[in-house]
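# Quick one, what's the 3D model for this:
(2 chains)
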There are 2 protein chains.
Amino acid sequence: MLWREDRPMRIALLGCGTVGGGVYEFVQERTDMEIAYVLSRRPRPDLNCPVTSDFSRIVSDPTVDTAIEVMGGRQPAYEYMCAALRAGKNVVTANKQLMSERYGELVQLARENHVALRCSAAVGGGIRWLTNLESTLDMEPVLRVSGIMNGTTNYILDTMTTSGLKFEDALRQAQALGYAEVDPTEDLNGADARRKLVISTNVAFGCVVQEPEVTTFGIAGVRACDIGAARKMHRVVKLMASARLLDSGDVACYLEPAMMPQGMHEAAVPENFNLISITGMHIGKQSFYGQGAGRFPTAYNVMQDCLDIRNGLTRFYTDKLRPARVDNSSIMRPYYVRVNGMDRWLQTRIDKMLDCGIITTPVAVSEIHAWARERKLTETGGFLASLR
Amino acid sequence: MLWREDRPMRIALLGCGTVGGGVYEFVQERTDMEIAYVLSRRPRPDLNCPVTSDFSRIVSDPTVDTAIEVMGGRQPAYEYMCAALRAGKNVVTANKQLMSERYGELVQLARENHVALRCSAAVGGGIRWLTNLESTLDMEPVLRVSGIMNGTTNYILDTMTTSGLKFEDALRQAQALGYAEVDPTEDLNGADARRKLVISTNVAFGCVVQEPEVTTFGIAGVRACDIGAARKMHRVVKLMASARLLDSGDVACYLEPAMMPQGMHEAAVPENFNLISITGMHIGKQSFYGQGAGRFPTAYNVMQDCLDIRNGLTRFYTDKLRPARVDNSSIMRPYYVRVNGMDRWLQTRIDKMLDCGIITTPVAVSEIHAWARERKLTETGGFLASLR
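Below is the predicted model:
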């Protein structure tokens, strides 16, 4: 639904927790937007606006033009988003899980109903990454997407690197600072960053890849000796998301720890910051750096999406929904591997022995990830990282 | 003039050299834009569009909605831009010199004529810096702007740092690669970066500062021993542009070499790349990285400006034109200084002697820049850099 110039944008805020509360605060300071409803199961006497637990009231109110979904999780967020889109309301969401798992379906639904669907806050927190990607696509094809898309793991790796903390202590510190959740599993195993990578890949290449096809290796197994091994090679361990369009039309798309040369841009990303890059045909490499999470950065990006809608935007970042296969067999790199007990596969791929771990000859991403899964590398206390 | 939906955007290309030629090529590949005229003093049989040396023909053609000024220099570019704005045509320019020197006047003229004036390519080459800054300003005040805004000097400093070349050899290499002009004076003395800093400062803080007030120290005097001194302190020399809004409403705004800690983001900027950052109240630090110059990156940014206009944009990045004074007296930092012959002023500010140069106690930017000017530091073979 297009917002009408003569009145403020009327927003239904679905969820008013950390991010939603930030959005609420931002909107209070503006005259061009107002919160028509907050959807909340419990009473919210602290809020100066109508609060309801009845979503049907919101979706049937024709004065609401935009729904902001910041409840997170699959249900009922999915149901509400679909209903809002079908009712002709714009949807702004920070829900990376839904946008990754239900990408094609949601984009299609927005398109059919001629409304805007925006999810800038779902990838890169406060970084205007998806909108910058969208602008680049107006001009030319994008060849590559890569970057550091998870602030929690970057904080842990950075703290281990700069302060020499053990993994457990770095994790505890991240939790104490609110950078890691009480259950940090989805950050550590890469599931969170993978969602952001899937959304970025889909937008960048106008395709739809299936999340489970995106090979992922996390940092739950990283130890001080791995950080030390990287340092001896003048490198820094980072959790890197990578995607590339292949000549076949398929995409290479994977998430893994990487040892980046110290002078490289990515190596210098501190604390819980994110850095995401695109390579365009003529423009070369462009990078975007900022807070990857947090109340106000995320709320900021949600608000910017609303402003874009207020300025007349009525679409998703792309309308291309070509199904694409993930194929990581053509990307070859040497890897650092630390494993309890050698095996035949690894034996034949040793290029160099280190004090702690080995460096392999160049191996395909698909091959070493398959090996690591089969070996249960993380669970048995091992680690790997590609050398970039 | 608003572009009408039913026909392509009709562009007058004022100048068709390096950048203009890139724009010409980009437009040839599109159906939503066309080159109505190329303004050229000499015949251009290579171009597949009307070529004229008569600007009055362009400005009086009501079918032309947008003029792209990529001739550079002061005159006749200034005259043409004003005439185009007065004739109700949108103007897209890459001319940092004019946008810096005539900022208030040109923005005012665009405003009066209700047309768009855009100059994204004037700052940061291919980086969508000014538009990202504009988006941030839609949300909240910006507190700081800083960054590496000149690719030529970054190439020279990076080459001296990573390959150990002497200044003269690094400069020659930059010239051979087309990264430095035959006469590199305005890159080396900071004049080029200062223009970009002035434009960024004005947009960021909604003000108008006078270019000559922006204290500038360049890198013409940098020698291998300075790079070496930085390395011993685990630092890297970069030419940094900095601006900050002061409580008084004045701005601190200056350009100088800085020794950045090795782990910092800015220290990792390679070759002729640029990195520009803003700090917003809630969003924190955001950085934008990309090609700072070159045919296609610059043409890309010009094209993106045209696309924004095609999407309905009819303004400059800000409409605030508050005159502001530059005051660099409150920014205090230690400096690295290498000078031929000590003097009384410097003597009283020594904190530490190095093999090559000294480190001062914290000194105000305004004070040390005034001293360097008086001492003719660069001309007498000296150098300075703040420690960040």
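# residues contacting residue A:209?
A:198, A:201, A:202, A:251, A:253, A:324, A:325, A:326 (Cβ atoms under 8 Å, 6 or more residues apart in numbering or on different chains). The C-beta positions use only the backbone N, C-alpha and C, and glycine is treated the same way.
# any idea how far the first one lies from chain B?
Using Cβ to the nearest Cβ, to the nearest Å, one gets 24 Å for the distance from residue A:198 to chain B.
# go on, the last one?
As for residue A:326, its distance to chain B is 28 Å (criterion: Cβ to the nearest Cβ).
# again with the fifth one
With the distance defined as Cβ to the nearest Cβ, residue A:253 ends up 23 Å from chain B.
# What of residue A:346?
33 Å.
# Let me see the mean pLDDT of the helix or strand containing that residue.
Secondary-structure assignment from DSSP states H and E places residue A:346 in helix A:344-347. Helix A:344-347 shows a mean pLDDT of 96 in the predicted model.
# Check the offset of that helix from the chain's centre.
Chain-centre distance of helix A:344-347: 34 Å, with Cα atoms, centre = their mean, to the nearest Å.
# just stretch A:111-128 next, same as before
12 Å.
# quick one: contacts for the spatially closest residue to residue A:362 that is not a sequence neighbour?
Among residues not flanking residue A:362 along the chain, residue A:332 sits closest, at 4.2 Å (Cβ to Cβ, 6 or more residues apart in numbering or on different chains). Contact analysis of residue A:332 by Cβ under 8 Å, 6+ apart lists A:362, A:363, A:364, A:365.
# Can you give the contact residues for the helix holding residue A:346?
Residues contacting helix A:344-347 (Cβ under 8 Å, 6+ apart): A:337, A:339, A:358, A:360, A:371.
# can you pick the most crowded of these?
Neighbour counts for the contacts of helix A:344-347 (other Cβ atoms under 10 Å in any protein chain shown) peak at residue A:337, which has 25 neighbours.
# Quick check: that residue is in a strand.
Yes - if the criterion is DSSP: H, G, I helix; E, B strand; the rest coil, then residue A:337 is within a strand.
# And for it, nearest residue in space, chain neighbours not counted?
Using Cβ to Cβ, 6+ apart, the nearest residue to residue A:337 is residue A:384, at 4.8 Å.
# Indicate whether stretch A:32-45 makes contact with chain B.
No - applying Cβ under 8 Å from any Cβ of the partner chain, one finds stretch A:32-45 out of contact with chain B, separated by at least 9.8 Å.
# and residue A:255, what are its bridge partners?
residue A:216, residue A:241 (DSSP bridges).
# show me what contacts it?
Applying Cβ under 8 Å, 6+ apart, the residues contacting residue A:255 are A:190, A:193-194, A:197, A:214-218, A:239-242.
# so residue A:36 touches residue A:66, yeah?
No - using Cβ atoms under 8 Å, residue A:36 is not in contact with residue A:66; the gap is 9.1 Å.
# Now list whatever residues contact both of those two.
Common neighbours of residue A:36 and residue A:66 (Cβ under 8 Å, 6+ apart) are A:10, A:11, A:12.
# Out of those, who's the most crowded?
Among these, residue A:11 has more neighbours than the rest - 29 neighbours, counting by other Cβ under 10 Å.
# doesn't residue A:69 make contact with that residue?
No - counting by Cβ under 8 Å, residue A:69 is not a contact partner of residue A:11; they are 11.1 Å apart.
# any residues touching stretch A:22-38, and which ones?
A:8-13, A:16, A:20, A:44, A:47-52, A:57-58, A:61, A:63-64, A:68, A:70, A:295-296, A:298-300, A:302-303, A:306, A:310, B:139, B:282.
# try 6 Å
A:8-13, A:16, A:47, A:49-52, A:58, A:64, A:295-296, A:299, A:302-303 (Cβ atoms under 6 Å, 6 or more residues apart in numbering or on different chains).
# what's the answer for stretch A:300-313, then?
A:3, A:9, A:23, A:26, A:90, A:92, A:94, A:116, A:118, A:120-121, A:126, B:135, B:138-139, B:282-283.
# element containing residue A:359?
strand A:358-360.
# That strand pairs with which strands, and in what direction?
strand A:335-338 (antiparallel), strand A:350-353 (antiparallel).
# Dump those to a markdown table, plus mean pLDDT and distance to residue A:378.
Below are those laid out as a markdown table (pLDDT from 0 to 100; distance: least, Cβ to Cβ, whole Å):
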| stretch | mean pLDDT | distance to residue A:378 |
| --- | --- | --- |
| strand A:335-338 | 98 | 11 |
| strand A:350-353 | 97 | 21 |
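# Run through the residues of the stretch 1-150 of chain A sitting next to chain B.
Neighbours of chain B within the stretch 1-150 of chain A, by Cβ under 6 Å from any Cβ of the partner chain: A:126, A:135, A:138, A:139.
# how near is the residue lying closest to the first one once chain neighbours are set aside to residue A:272?
Taking Cβ to Cβ, 6+ apart as the measure, residue A:126 lies nearest to residue A:297, with 2.6 Å between them; neighbours along the chain are not counted. The gap separating residue A:297 from residue A:272 is 10 Å, by Cβ to Cβ, to the nearest Å.
# about what we covered before: tell me which of the strands paired with strand A:358-360 sits most buried.
Looking across these with neighbours counted as mean count of other Cβ atoms under 10 Å in any protein chain shown, the highest average goes to strand A:335-338: a mean of 24.
# before we move on, back to that, please indicate which of the contacts of residue A:332 are buried?
Among the contacts of residue A:332, those buried by neighbour count (16 or more other Cβ atoms under 10 Å in any protein chain shown) are A:363, A:364, A:365.
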